[in-house]
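A.B. asks: sequence first, then the predicted structure:
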Amino acid sequence: MFLLWAVFLSVIVALLLRKVPASMPRLRFRHGWLVLLAISIQILIFTPFAEGYFAKLGLTPILNTATYAIIVVFTLLNRKIASIAVIGLGTLSNLLVITANKGYMPVKLESLRQVAEPAIVSIIAGGEPYRNSVLLTGSTPLPYLADIFYLPAQIPLTNVFSVGDILIGIGAFILVQQLFVPRHRHFYF
């Protein structure tokens, strides 16, 4: 959800700067279908009617890790675009911690308590994974890359997030700015 806020704020900034969406594509992405594939897998494994099925088969951590790897490949193919390179660094950060933790993102319990429903907190505090999250403990590999931050619960769509998510958010902010142009240049494309 941190990503949604980054994109929303970037659009607001672009509009305040009197920018408009470019009338012709300014960026050329290579193998954009990889992003669609990763998003489709994420939707599939975390959709309420299907997530239990994948969890029972033990596929959730494998597929979750694969989606991050797919995005890393996409960012390597598009690394010359500055915003995509930043998104790639954030995705790689998340991939490293998720891989080190067997397909799950560790989450700091104190942060989770600030934003999650008590039932979810109880599951994770009990040592069980919930969706793609597990409890951050003293023996968790790469704890500084885990979901340790949170926005106040009063902010809509808040959740816990990681350093990688912050980098992805910064990259997304820059990407949106790259997709907008000053109003007076809009018709010259």
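C.D. replies: Received, thanks. Numbers count the residues shown, from 1 in each chain.

A.B. asks: now do the same contact list for the residue nearest the centre of the chain.
C.D. replies: The centroid of the chain falls nearest to D165 when counting by CA atoms, centre = their mean (5.4 Å). Neighbouring residues of D165 by CB atoms under 8 Å, 6 or more residues apart in numbering: 2-3, 90, 94, 147, 149. Every C-beta, even on glycine, is put in place using the N, C-alpha and C of the backbone.

A.B. asks: mind checking which of these are in helices?
C.D. replies: 2-3, 90, 94 (DSSP state H).

A.B. asks: tabulate those (TSV), appending pLDDT and distance to I45.
C.D. replies: Shown next, in TSV, are the ones in helices among the contacts of D165 (pLDDT from 0 to 100; distance: CB to CB, whole Å):
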residue	pLDDT	distance to I45
F2	72	20
L3	79	18
G90	96	20
N94	97	16
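
A.B. asks: quick one: which of those is nearest to Q154?
C.D. replies: F2 (15.5 Å; CB to CB).

A.B. asks: give me the phi and psi for the nearest residue to that closest one once chain neighbours are set aside.
C.D. replies: Counting by CB to CB, 6 or more residues apart in numbering, F2 lies nearest to F161, which is 4.2 Å off, once chain neighbours are set aside. Main-chain torsions, F161, degrees, to the nearest 10: phi -150, psi 170.

A.B. asks: before we move on, back to that, export the contacts of D165 as JSON lines, with columns for distance to I70 and neighbour count.
C.D. replies: Listed next are these as JSON lines, based on distance: CB to CB, whole Å; neighbours: other CB atoms under 10 Å:
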{"residue": "F2", "distance to I70": "20", "neighbour count": "20"}
{"residue": "L3", "distance to I70": "16", "neighbour count": "16"}
{"residue": "G90", "distance to I70": "15", "neighbour count": "23"}
{"residue": "N94", "distance to I70": "12", "neighbour count": "25"}
{"residue": "D147", "distance to I70": "20", "neighbour count": "24"}
{"residue": "F149", "distance to I70": "25", "neighbour count": "15"}
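
A.B. asks: which residues does the residue nearest to F2 contact?
C.D. replies: 1-2, 147, 149-151.
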